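Asker: just the structure for this:
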Amino acid sequence: MVFFSAMTVRPSSHRDPTFIRVARDLCIGLVPLSGVAWTLRAALDLPAIYLLQVVGLYLAAGALILREVPNVLPGPGSGPANRVTLARATLVLPLGALAFHAGLEDPLLRWTVVAVGTLALMLDGVDGWVARRTGTSTAFGARLDMELDAFLILTLSVLAWRAGPVGPWILGLGAMRYLFVAAARIWPALQRELPPSFRRKVVCVIQGIALLICIGPVVPAPLPGLVGAAALGSLILSFATDAVWAFRAPAPVDPRRDPAPAAPPIPGAGTRAA
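Answerer: Predicted coordinates for the structure are as follows:
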C-alpha cells in the first residue's frame, strides 16, 4: 500500500503536539478496526491470521500517515474531517486483508464485500463535506482521502479478479493511480498539482460502482466484463487527459532560481531615485 507517494511535507518530530494528536486518533481507531475485523472473521469463518493481516495493514498505513503529518492541523486530534477518513479506513483495510485469502467465489463473501465496499464508498464524500463545513480543509487531509480511495479501488479490483467474473485486466483499475505516480518519477511534469476536476470525481465513483457490480454474485455473466471494461476505458481517458494537461502546462517559476524579471520601463517616465 502506498500512502502519500508524492507528498513533500516535512516529517514531524515525535515531540510535535500535532504528531501526538494524530497518533492518539490512530490508536483509538484500533477499536472500530478490531470490531469490523472480528465481525468479518466470524461471519465468513476466516482463519485467525486474518486479524493479524488487518492489524498489519493498519499499522503500516498508520506509520506512513505519521511520517507525513504536517506541523499544524486544525481542529481537535487529527481534525474532524480526517477522523472521518480514518474511520473509513477501518472499513477499507479489513477488505484489503480479504485479498490474501481463498474462497472469494463464495456468494456470502462477495455479498459482504459489496455491503462493506458500498458503505466505504458512501462515506467517501462525508469527510470533504465535514472539512468544508468546519473550515478544516488541508492538503494533508485531501491527500489522505485520495490515497485511501486509491487503496479501496485497488482492493476491489483484486477482489473482483479473485472472485472470478472478470480477468486480470480488471487490475488496471486499481493499478492506474500507482502507475501514474511511478511515471511521475520518470517525467517530473506529471508531479504538477492538477486543478480541481469534477470529471475526476465522477470517474472515481464510476470505478467503485463498476467494481462492486463485478463482485456482486447475482450479476449476469456478460455484464461484469462490459461494465469493468467501460470503467477502465473511462479511467484511462481521464488519466490521459491529466497527463496531457501536465505536459502542456507552463513550468512553475521557482523564485529562488528564476527571480521575477523587472517591470519594463514606462515610456516617458523618468528614473525614480532609490
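
Asker: show me the helices in the stretch 101-250 of the chain, by range?
Answerer: 107-122, 124-134, 139-163, 171-186, 198-215, 222-248 (DSSP state H, counting those that start in this stretch).

Asker: could you give the angle of the last one to helix 139-163?
Answerer: In this case it means helix 222-248. 140 degrees (axes from the mean of the first three to the mean of the last three Cα atoms, to 10 degrees).

Asker: cool, and the fifth one?
Answerer: Interaxial angle of helix 198-215 relative to helix 139-163 (the same axes, to 10 degrees): 30 degrees.

Asker: got the contact list for helix 198-215?
Answerer: Contact with helix 198-215 is made by 110, 113-114, 117-118, 121, 124, 149, 152-153, 156-157, 159-160, 163, 165-166, 170, 173, 194, 219, 223-224, 227-228, 230-231, 234-235, 238, 241-242, as judged by Cβ atoms under 8 Å, 6 or more residues apart in numbering. Yep, even glycine has a C-beta here, placed from its N, CA and C like the rest.

Asker: among the helices of the stretch 101-250 of the chain, which is nearest L66?
Answerer: Set against L66 and scored by Cβ to Cβ, those come closest in helix 139-163, at 11.5 Å.

Asker: now that closest one: average pLDDT?
Answerer: Helix 139-163 shows a mean pLDDT of 93.

Asker: buried set for that helix?
Answerer: Within helix 139-163, the residues that count as buried by 16 or more other Cβ atoms under 10 Å are 140-141, 143-163.

Asker: go on, stretch 119-126?
Answerer: Within stretch 119-126, the residues scored as buried using 16+ other Cβ under 10 Å are 120-121, 124.

Asker: average pLDDT across stretch 84-92?
Answerer: Stretch 84-92 comes out at a mean pLDDT of 95.

Asker: for it, which positions count as buried?
Answerer: 84-92.

Asker: do stretch 241-248 as well
Answerer: For stretch 241-248, by 16+ other Cβ under 10 Å, it's 242-243, 246.

Asker: in CSV, list those along with pLDDT and distance to R133.
Answerer: Formatted as CSV, the buried residues of stretch 241-248 follow (pLDDT from 0 to 100; distance: Cβ to Cβ, whole Å):
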residue, pLDDT, distance to R133
D242, 90, 28
A243, 90, 33
A246, 88, 31
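
Asker: hmm, back to that, ok, so of the buried residues of stretch 119-126, who is nearest I186?
Answerer: Each of the buried residues of stretch 119-126 was scored against I186 by Cβ to Cβ, and D124 proved nearest at 30.0 Å.

Asker: give me the nearest residue to the closest one, chain neighbours excluded.
Answerer: The shortest distance from D124 to any non-neighbouring residue, by Cβ to Cβ, 6 or more residues apart in numbering, is to D149 (6.4 Å).

Asker: my read: the one you found touches G125, true?
Answerer: No. Between D149 and G125 there is no contact under Cβ atoms under 8 Å: 10.6 Å.

Asker: mind checking how far I236 is from G56?
Answerer: The gap separating I236 from G56 is 32 Å, by Cβ to Cβ, to the nearest Å.

Asker: ok, now S197?
Answerer: From S197 to G56 the distance is 34 Å (Cβ to Cβ).

Asker: can you pull the contacts of R41?
Answerer: Residues counted as contacts of R41 (Cβ under 8 Å, 6+ apart) are 48, 50-51.

Asker: and what of L30?
Answerer: Counting by Cβ under 8 Å, 6+ apart, L30 touches 55, 58.

Asker: and the pLDDT for it?
Answerer: Looking at L30, its pLDDT reads 96.

Asker: tell me, how many residues neighbour the nearest residue to G164 once chain neighbours are set aside?
Answerer: Excluding its sequence neighbours, the residue lying closest to G164 (Cβ to Cβ, 6+ apart) is E105, at 5.3 Å. Look at E105: counted by other Cβ atoms under 10 Å, it has 12 neighbours.

Asker: do the same with P76
Answerer: With other Cβ under 10 Å as criterion, P76 counts 11.

Asker: so which strand or helix has the residue nearest to it when sequence neighbours are not counted?
Answerer: Distances taken as Cβ to Cβ, 6+ apart put R21 closest to P76, at 7.4 Å, once the chain neighbours are dropped. Using DSSP states H and E, the element containing R21 is helix 17-44.
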